[in-house]
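Peer 1: whatever this is, show me its structure:
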Amino acid sequence: MMLERIRKWARNERLSADDAFRVLDRDFDGIISKNDLDGFVREVLKCDKEVTASRINRLFKLIDCFKRGQLQLIDIRRLLENTE
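Peer 2: The predicted model follows:
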């Protein structure tokens with residue numbers, strides 16, 4: 001599952017939630033948009049072949065705990081701390 005791939009990436013890179021957020025925020029605007037997430041999944045996780053717009057939308061909704069339509073640092077902290 002893509003959530004676990006993101007967690008594994010952060011663990012392997014020994015990144016804090018803050019550092020992982022900075023990597024995910026591809027355009028450095030302080031939030032993670034669907035475009036940021038899509039670019040990260042394709043370029044950093046190298047999942048280009050298996051990524052579709054609907055999968056990115058679903059992944060975004062899973063991470064967007066507070067349904068704001070954007071991901072903030074608290075969402076990434078929750079993602080990386082959640083080991084379910």
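
Peer 1: how far does stretch 5-16 sit from the chain's center?
Peer 2: Relative to its parent chain, stretch 5-16 has a centroid offset of 11 Å by C-alpha atoms, centre = their mean, to the nearest Å.

Peer 1: how about low-confidence regions in the protein?
Peer 2: Flagging of the chain using pLDDT under 70 yields the residue ranges 83-84.

Peer 1: mind checking how far the spatially most central residue of the chain is from residue 21?
Peer 2: Ranked by distance to the mean C-alpha position of the chain (C-alpha atoms, centre = their mean), the top residue is residue 37 at 5.4 Å. In this structure, residue 37 and residue 21 are separated by 12 Å, where distance is defined by C-beta to C-beta, to the nearest Å. For glycine as for every other residue, the C-beta is placed from the backbone atoms N, C-alpha and C.

Peer 1: dump the residue contacts of the residue nearest to the centre of the chain.
Peer 2: Applying C-beta atoms under 8 Å, 6 or more residues apart in numbering, we find residue 37 in contact with 24, 56, 59, 60, 63, 71.

Peer 1: which ones among those map onto helices?
Peer 2: 24, 56, 59, 60, 63 (DSSP state H).

Peer 1: which of the residues you listed sit farthest apart?
Peer 2: Maximum pairwise distance in the ones in helices among the contacts of residue 37, criterion C-beta to C-beta, is 12.7 Å, between 24 and 56.

Peer 1: enumerate the positions of stretch 69-84 that are buried.
Peer 2: Taking 16 or more other C-beta atoms under 10 Å as the basis for neighbour counts, the residues of stretch 69-84 that come out buried are 71, 72, 73, 75, 76, 79, 80.

Peer 1: ok, now stretch 20-35?
Peer 2: 20, 21, 23, 24, 25, 26, 31, 32, 33, 34.
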